[in-house]
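Visitor: Build me a structure from this.
(2 chains)
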Number of protein chains: 2
Amino acid sequence: MATSTGRDLSDPSFRASVIELCGALAYGELVGFFMIVHDAETAPRVGDRIALARLAAHELEQYERLAGRIEELGADPEVAMQPFAESFDDWHRRTPPSSWLEGLMKVYAGHALAEDFYREISAYVDADTRALVVEVMQEGGHVEFARQTLREAIANDPAAGGRLALFGRRLIGEALSQAQRVAAERDAITALLVDDGSGHGADLAELTQIFARLTQAHTDRMESLGLSA
Amino acid sequence: MATSTGRDLSDPSFRASVIELCGALAYGELVGFFMIVHDAETAPRVGDRIALARLAAHELEQYERLAGRIEELGADPEVAMQPFAESFDDWHRRTPPSSWLEGLMKVYAGHALAEDFYREISAYVDADTRALVVEVMQEGGHVEFARQTLREAIANDPAAGGRLALFGRRLIGEALSQAQRVAAERDAITALLVDDGSGHGADLAELTQIFARLTQAHTDRMESLGLSA
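Guide: Have a look, this model is predicted:
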């Protein structure tokens, strides 16, 4: 696999790409914080509200780490996040949960999808950013309660499972569509991931495989809940 | 001042009172977390959203400490909080901010009022709980940005200041009214604070002074913002 491990941050265009990527990840964590808190408020049990509040606080910590990295790289986190606000906000607007379980599904599937994406892109950044990305990726079982709660709900109510499967498909579909939009609009991030002839980044076949792996992992997760994805 | 330092946790009614008090404080922090996140979402600037998200996460940490203490005392935090949910929720329902600045005022004044209350009651609990209450009380400048933002807004727009002064009066009025309700309904907490002839707790004159001090501190804070309270 052609990775960018040979590149370093003294290359201004590589540095700009890493900053953009960290900006995208940071905005994702920040908006995740607010989304999870929203969802927590619809939880029927106080215990679930608390578990989701903890998960949200964890997202905020991850945001802080990524924002710190952006500053280390000499950029302003707010400026670095700004180009990605619309895509993330649109994803959230286009996938409104219509129930507490759909909200939980969004937390669970969204979190896992982000984690898979982090794993894929970690190969294309500098060593320090990679170490951070790997660290941020370790969700440490914070979403396990979401998986458990969903599994139980689906086992007890197959009709709810059908609706959740539909919602899961919408989540991944809209995520891929926003990812394509970011790829089309943001050359710096695309340059990081896609080999433009320099020998760094993935070629088109690898890029297709990345998207295929992300989709497959999502499918596997839905099936592990007892859903057909 | 007659304090309860002479009492210890082997006295079951004293222990029950301390658990109740921690339950009230814990619920206040938990509901504060959700309230502050709500307010953050109305912030016009991303920087303010982030500052409020941090403040909310800090409330959640304080909740965790208090819930931990309740468990150390052999009780279930959810059970200990339950009797106070209605009063806190009512306070929030009866003081809805109608603007971003009113929300910020609620965060600032509510936080400070809670801190003053913590300071007053710390005299009446056991040494370990007192140490925790004092620690939780240290807000460490988290609300300073709220004070600054309010001061600037009021200096720039005296009409906004008039509305905020009214809202500040409503906040303290509703807080005192909910405090009286808790005092009337929850004998265990009242027993902690009020001397029933045992020589522990405040007598009526001291209790009146506590409420007078809380109100005076609120007035001073409003004036430090340039408002007549």
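Visitor: Just the CA trace of the strand or helix carrying residue A:136, in PDB.
Guide: Assigned by DSSP states H and E, residue A:136 belongs to helix A:127-137. Extracted in PDB, the C-alpha atoms of helix A:127-137 (Å, rounded to 0.1, in the frame of the first residue of the first chain):
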ATOM      1  CA  ALA A 127       3.700   9.900  12.600                       C
ATOM      2  CA  ASP A 128       2.700  12.300  15.400                       C
ATOM      3  CA  THR A 129      -0.800  12.900  13.900                       C
ATOM      4  CA  ARG A 130      -1.100   9.100  13.300                       C
ATOM      5  CA  ALA A 131      -0.400   8.400  17.000                       C
ATOM      6  CA  LEU A 132      -3.100  10.900  17.900                       C
ATOM      7  CA  VAL A 133      -5.600   9.500  15.400                       C
ATOM      8  CA  VAL A 134      -5.000   6.000  16.800                       C
ATOM      9  CA  GLU A 135      -5.400   7.300  20.300                       C
ATOM     10  CA  VAL A 136      -8.600   9.100  19.500                       C
ATOM     11  CA  MET A 137      -9.900   6.000  17.700                       C
END
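Visitor: average pLDDT for it?
Guide: Averaging pLDDT along helix A:127-137 gives 88.
Visitor: Report the next helix or strand after that helix in sequence order.
Guide: Moving toward the C-terminus from helix A:127-137, the next element (DSSP H and E) is helix A:144-156.
Visitor: just checking, next helix/strand downstream of that following helix?
Guide: Counting by DSSP H and E, what follows helix A:144-156 is helix A:158-185.
Visitor: returning to that earlier point: if we go by neighbour counts, what in the helix holding residue A:136 is buried?
Guide: Residues of helix A:127-137 classed as buried: A:129, A:130, A:132, A:133, A:136, A:137 (neighbour count, 16 or more other C-beta atoms under 10 Å in any protein chain shown). C-beta coordinates here come from the backbone N, C-alpha and C atoms, glycine included.
Visitor: who are the neighbours in contact with the spatially closest residue to the second one that is not a sequence neighbour?
Guide: Nearest residue to residue A:130, sequence neighbours excluded (C-beta to C-beta, 6 or more residues apart in numbering or on different chains): residue A:122, at 4.9 Å. With contact taken as C-beta atoms under 8 Å, 6 or more residues apart in numbering or on different chains, residue A:122 is in contact with A:130, A:133, A:134, A:137.
Visitor: Would you mind listing the buried residues in the biggest helix by length in chain A?
Guide: Scanning chain A for the longest helix, with DSSP state H as the assignment, gives helix A:12-41. Buried residues in helix A:12-41, counting neighbours by 16+ other C-beta under 10 Å, are found at A:14-40.
Visitor: before we move on, what about stretch A:210-227?
Guide: By 16+ other C-beta under 10 Å, the buried positions in stretch A:210-227 come out as A:210, A:214, A:215, A:217, A:218, A:219, A:221, A:222, A:225, A:226, A:227.
Visitor: repeat for stretch A:46-54
Guide: For stretch A:46-54, burial by neighbour count (16+ other C-beta under 10 Å) applies to A:46, A:48, A:49, A:50, A:51, A:52, A:53, A:54.
Visitor: Understood, closing this out.
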